[in-house]
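Enquirer: With the input below, show me the fold.
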Amino acid sequence: MLDGGTSANDRQEVAGTLTLEPDRTEFRAGDIISVKVSGKGLKNVNALSFSLPYDTDILEYDGMELKGMKEMVNLTYDRLHTDGHKALYPTFANKGNNFLLEGDSDLFVIRFKAKKDGTFDLKASDGMLVGRNLKTVSL
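Expert: Sure thing, here's the model as predicted:
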């Protein structure tokens, strides 16, 4: 109900995929690695989220640059789990009846700073796209 709530009907199907593309696959200590997150074939996307686990001995989360997120609220969380694993949870959602994400576009760039030399091999998991009617697509 925030900002007047949303209006949707059950016929609004949510669709699309997300891709992650690092600007480099090999890095040295001190390098900044930029990971472009793009949407492909997005349709009626009102919110999105995924998990990006990473090794804190090798990488450090260094922020995010928003590109095509329209008026979505950034709820991203860099979480240290009780078992010692770290994961970044890029999460965005509309508040109210704001613009939906549609089509193909660059959405945001995640930056990591390298603590050691290494190879970029992070994989997103547990992703989802959510429509106004709360229908979802798993990524």
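Enquirer: my guess is Ser51 meets Met128, correct?
Expert: No - with contact defined as C-beta atoms under 8 Å, Ser51 does not reach Met128; the gap is 10.3 Å. For every residue, glycine as well, the C-beta is placed using N, CA and C.
Enquirer: and Leu80, what is it in contact with?
Expert: 56, 86 (C-beta atoms under 8 Å, 6 or more residues apart in numbering).
Enquirer: Same check on Tyr61?
Expert: Counted by C-beta under 8 Å, 6+ apart, Tyr61 has contacts 54, 78, 88, 110-112.
Enquirer: let's go with 6 Å and repeat that
Expert: The neighbourhood of Tyr61, defined by C-beta atoms under 6 Å, 6 or more residues apart in numbering, consists of 78, 88.
Enquirer: where does it fall, phi/psi-wise?
Expert: phi -60, psi 130 (degrees, to the nearest 10).
Enquirer: same check, this time on the one 10 residues further on
Expert: Recorded main-chain torsions at Glu71 are phi -100, psi 20, according to degrees, to the nearest 10.
Enquirer: any idea how far Gly103 lies from Val130?
Expert: Gly103 sits 17 Å away from Val130, taking C-beta to C-beta, to the nearest Å as the criterion.
Enquirer: These two: which has the busier surroundings?
Expert: Val130 (19 against 12; other C-beta atoms under 10 Å).
Enquirer: Now that one. Nearest residue, chain neighbours left out?
Expert: Spatial nearest neighbour of Val130, excluding adjacent residues (C-beta to C-beta, 6 or more residues apart in numbering): Ala47 at 4.0 Å.
Enquirer: Now for that neighbour, how many residues are close by?
Expert: 21.
Enquirer: Ok, Ala114 next?
Expert: Ala114 - counted by other C-beta under 10 Å - has 20 other residues nearby.
Enquirer: Wait, it touches Phe27, no?
Expert: Yes - using C-beta atoms under 6 Å, Ala114 is in contact with Phe27, at 4.5 Å.
Enquirer: how deep is the residue nearest to Phe99 when sequence neighbours are not counted tucked in, by neighbour count?
Expert: In this structure, Phe99 finds its nearest non-sequential neighbour in Lys70, 4.5 Å apart by C-beta to C-beta, 6+ apart. Lys70 is flanked by 15 other residues according to other C-beta under 10 Å.
Enquirer: Sweet, I'm off.
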